[in-house]
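Asker: got a predicted model here, sequence first, then my questions.
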Amino acid sequence: MEEFLVPIGRTLTSFVLLVFVTLVIGKHINSHKNHYSFALSVSIGSFIANMGFHTNLKFMDILIAFIALLILYYLCLLLSWRSRWIREWLSGRPTVLIENGKILDMNMKKLKMSIDDLNQLLREKDIFNIGEVEYALLEVSGTLSIIKKSPFQPPVKRDFGIMHSHQSLPIELIMDGKIIAKNTNGIYSSDWIKGECKKRNLKVEDIYYAVINTSGVLFIDKYEDSLSSPVDVE
């Protein structure tokens, strides 16, 4: 029985530890915006696998090494935040691939990147004509940042003389038929929410989701959608 309980216990412990680490520094790891965050994500996967399944290795030894790795990563974050020189050395710098509409073949050679690779990255940005690009930079994360030439840039409201209108983050008020208490402050109080529901002959329990959108307008979605034949893509 013990031979089953030990790997199960190690796996559960390592999983809980992974969830905790992800909650603390998950945004840094998941973004892969620099070299050491990518290295950490690979190393964490290896450590967690060994914690859970490699029973020949002592769990405490792996745990200590894992904690040491996290401390090292935190130090890298701290040093990168304090020093731009260290940040460039640890995180790397973006590489310009297109400048003034011209492909920089020397930089392409340094990265061992072909024209096909560049075209693929451009297509992922919905650009099928390389002649539309003024500048293109390959970020450390591997994503491509671009600036289109002026004739190919999409128009903005200012081009049409439309004045700026204030926008804010959406405020969720009701979810799964329950008022989100932490968001009921200011003008969006519980009484205000219930009053808006009453205007629409609804109860809070009837509403699946209600949110104040970025324009300050209340959006409500009921549990009953009254659709005769909803689309099912599965």
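Answerer: Perfect, I can see it now. Just so it is clear, the structure is predicted and the values come from calculations on it, not from any experiment. Residues are numbered from 1 along each chain as shown.
Asker: show me where the chain has helices.
Answerer: Per DSSP state H, the chain carries helices over the ranges 2-31, 35-53, 59-82, 84-91, 105-110, 115-124, 190-199.
Asker: relative to Ala210, which of these is closest?
Answerer: Nearest to Ala210 among the helices of the chain is helix 190-199; the distance by CB to CB comes to 7.3 Å. Every C-beta, even on glycine, is put in place using the N, C-alpha and C of the backbone.
Asker: and this structure, what are its domains?
Answerer: Under the assignment automatic domain parsing, the domains of the chain span 2-88, 95-152, 171-222.
Asker: so where is the protein shaky, pLDDT-wise?
Answerer: Scanning the chain for pLDDT under 70 picks out the ranges 1-4, 26-35, 55, 164-165, 225-234.
Asker: make it 50
Answerer: In the predicted model of the chain, residues 233-234 satisfy pLDDT under 50.
Asker: from the helices of the chain, which stretch is densest packed?
Answerer: Ranked by mean neighbour count under mean count of other CB atoms under 10 Å, the helices of the chain are led by helix 35-53, which reaches a mean of 17.
Asker: and that one, how far from the chain's centre?
Answerer: Relative to the mean C-alpha coordinate of its chain, helix 35-53 is positioned 20 Å out (CA atoms, centre = their mean, to the nearest Å).
Asker: kindly export it (C-alpha atoms) in PDB.
Answerer: Taking C-alpha atoms only, helix 35-53 is exported to PDB below (Å, rounded to 0.1, in the frame of the first residue of the first chain):
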ATOM      1  CA  HIS A  35      15.500  34.400 -21.300                       C
ATOM      2  CA  TYR A  36      15.500  33.600 -17.500                       C
ATOM      3  CA  SER A  37      11.700  33.400 -17.200                       C
ATOM      4  CA  PHE A  38      11.700  30.800 -20.000                       C
ATOM      5  CA  ALA A  39      14.600  28.900 -18.400                       C
ATOM      6  CA  LEU A  40      12.700  28.900 -15.100                       C
ATOM      7  CA  SER A  41       9.500  27.500 -16.600                       C
ATOM      8  CA  VAL A  42      11.400  24.600 -18.100                       C
ATOM      9  CA  SER A  43      13.300  24.000 -14.900                       C
ATOM     10  CA  ILE A  44      10.000  24.100 -12.800                       C
ATOM     11  CA  GLY A  45       8.500  21.400 -15.100                       C
ATOM     12  CA  SER A  46      11.600  19.200 -14.500                       C
ATOM     13  CA  PHE A  47      11.600  19.700 -10.700                       C
ATOM     14  CA  ILE A  48       7.800  19.000 -10.400                       C
ATOM     15  CA  ALA A  49       8.100  15.900 -12.500                       C
ATOM     16  CA  ASN A  50      11.000  14.600 -10.300                       C
ATOM     17  CA  MET A  51       9.100  15.500  -7.100                       C
ATOM     18  CA  GLY A  52       6.100  13.500  -8.200                       C
ATOM     19  CA  PHE A  53       7.500  10.500 -10.000                       C
END
